[in-house]
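Chemist: just coords:
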């Protein structure tokens, strides 16, 4: 089904296995870009998580995990990365939930060498400079919107996976957002 009419599609979970990504999120440079319309969070409210991830959460950070998006019980965008030694690097920035929910947003997550950057609507929201490598992953793009097991809550359109972050400059990301493709 390709309907973008809210309420016409069952809740689901978007997943791309590690061997189908076309890159290794732990070692390669890459970009994930997409349009997202969050209609809620993982628990059906506006207060839970609305995140995306490579890898999966483990209590002991024993496998690779990168998540980005809306933090649970807070109106902040967060970027969280499990490093090779099992420690984590993270950062966050506030946003207005009235602006975020039920509106289309252009989101980009980019890794270029030791910098991982998260953009929303053409603006850099979170950035981590890696002090060491990223822990190896056992799963690929694990979910888009929501949190780990629950179904995602929203719509995703025009996803791009790229191994060429060099063209994804701040100006290029802003230009794509300002063009409002595919939703003029």
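Modeler: That came in fine, so what should we check first? Bear in mind that the values here come from a model prediction, so they are computed numbers and not experimental data.
Chemist: beta partners for the residue most central in space within the chain?
Modeler: Residue closest to the average C-alpha location in the chain (C-alpha atoms, centre = their mean): residue 52, at 3.9 Å. Applying DSSP bridges to residue 52 gives these bridge partners: residue 68, residue 144.
Chemist: tell me the pLDDT at the residue nearest to residue 51 when sequence neighbours are not counted?
Modeler: Closest residue to residue 51 apart from its sequence neighbours, by C-beta to C-beta, 6 or more residues apart in numbering: residue 69 at 3.4 Å. To be clear about C-beta, it is placed using only N, CA and C from the backbone, and glycine gets the same treatment. Residue 69 carries a pLDDT score of 92 in this model.
Chemist: and for residue 183?
Modeler: pLDDT recorded at residue 183 is 56.
Chemist: could you pull out the helices for the chain?
Modeler: Ranges of helices within the chain are 97-100, 170-179, based on DSSP state H.
Chemist: lowest-confidence stretch among the ones you listed?
Modeler: Of all these, helix 97-100 has the smallest average pLDDT, which comes to a mean of 91.
Chemist: skip the chain neighbours and tell me the closest residue to residue 112.
Modeler: Leaving aside its chain neighbours, residue 112 sits nearest to residue 165 (4.2 Å; criterion: C-beta to C-beta, 6+ apart).
Chemist: where does the protein dip in pLDDT?
Modeler: 1-13, 145-153, 181-184 (pLDDT under 70).
Chemist: how about the strands in the chain?
Modeler: Assigned by DSSP state E, the strands in the chain fall at 30-38, 50-55, 65-70, 76-82, 88-94, 105-112, 115-120, 123-129, 141-144, 154-162.
Chemist: still on that earlier bit, and the residue nearest to residue 112, how many neighbours does it have?
Modeler: Using other C-beta atoms under 10 Å, residue 165 has 18 other residues around it.
Chemist: would you quantify the distance from it to residue 79?
Modeler: Using C-beta to C-beta, to the nearest Å, residue 165 is found at 15 Å from residue 79.
Chemist: residue contacts, the residue nearest to residue 112?
Modeler: Neighbouring residues of residue 165 by C-beta atoms under 8 Å, 6 or more residues apart in numbering: 29, 30, 31, 110, 111, 112.
Chemist: let's see 10 Å
Modeler: With contacts defined as C-beta atoms under 10 Å, 6 or more residues apart in numbering, residue 165 is in contact with 28, 29, 30, 31, 108, 110, 111, 112, 113, 115, 117.
Chemist: what of residue 24?
Modeler: Residue 24 sits in contact with 18, 30, 54, 64, 134, 136, 137, 140, 163, where contact means C-beta under 10 Å, 6+ apart.
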